[in-house]
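> pasting the sequence and the predicted model now:
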Amino acid sequence: MKLFGRSSGYWLFWLSAIYVCVAVVNLFVYKFTEAEYIQAVWLLVLSLPLWIKPLADYLNMQTLWEK
């Protein structure tokens, strides 16, 4: 098993891990922004392969207009 594979599952896993770390730091250590902003950025970054063709190709995915 590779830790940094090139698939949408790895993209979802690692972005979610980063999201949890940032949210925990924001909640328990140092509040630097509201939780809604962290969630909005997470959703935006999570959807990037659907909109950016080179990133979708790297992750072996299809963009929305290729379906």
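Cool, the structure landed. Residues are numbered from 1 along each chain as shown.
> low-confidence stretches in the chain?
1-5, 67 (pLDDT under 70).
> mind listing the helices in it by residue range?
For the chain, the helices defined by DSSP state H cover 8-24, 35-46, 48-51, 53-58.
> okay, residue 61 and residue 11: tell me how far apart.
To residue 11, residue 61 is 8 Å away according to CB to CB, to the nearest Å. Any C-beta I mention is one placed from the backbone N, CA and C, and that applies to glycine too.
> ignore the last one, residue 42
12 Å.
> before we move on, the earlier item: dump the helices of the chain into CSV; add mean neighbour count and distance to residue 66 as well.
Output for the helices of the chain, formatted as CSV (neighbours: other CB atoms under 10 Å; distance: least, CB to CB, whole Å):
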stretch, mean neighbour count, distance to residue 66
helix 8-24, 13, 14
helix 35-46, 12, 18
helix 48-51, 15, 10
helix 53-58, 13, 8
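> I'd like these as JSON lines, with distance to residue 65 appended.
Below are the helices of the chain laid out as JSON lines (distance: least, CB to CB, whole Å):
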{"stretch": "helix 8-24", "distance to residue 65": "17"}
{"stretch": "helix 35-46", "distance to residue 65": "18"}
{"stretch": "helix 48-51", "distance to residue 65": "9"}
{"stretch": "helix 53-58", "distance to residue 65": "9"}
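> any residues in contact with both of residue 61 and residue 11?
residue 49 (CB atoms under 8 Å, 6 or more residues apart in numbering).
> give the contact list for residue 66.
With CB under 8 Å, 6+ apart, residue 66 has no contacts at all.
> tell me the spacing between it and residue 57.
From residue 66 across to residue 57, the span is 10 Å (CB to CB).
> equivalent analysis for residue 21, please.
According to CB to CB, residue 21 stands 28 Å off from residue 57.
> residue 6 now?
10 Å.
> cool, residue 46 as well?
Residue 46 is 17 Å from residue 57, by CB to CB.
> ok, now how distant is the nearest residue to residue 48 once chain neighbours are set aside from residue 41?
Closest residue to residue 48 apart from its sequence neighbours, by CB to CB, 6 or more residues apart in numbering: residue 55 at 5.7 Å. Using CB to CB, residue 55 is found at 16 Å from residue 41.
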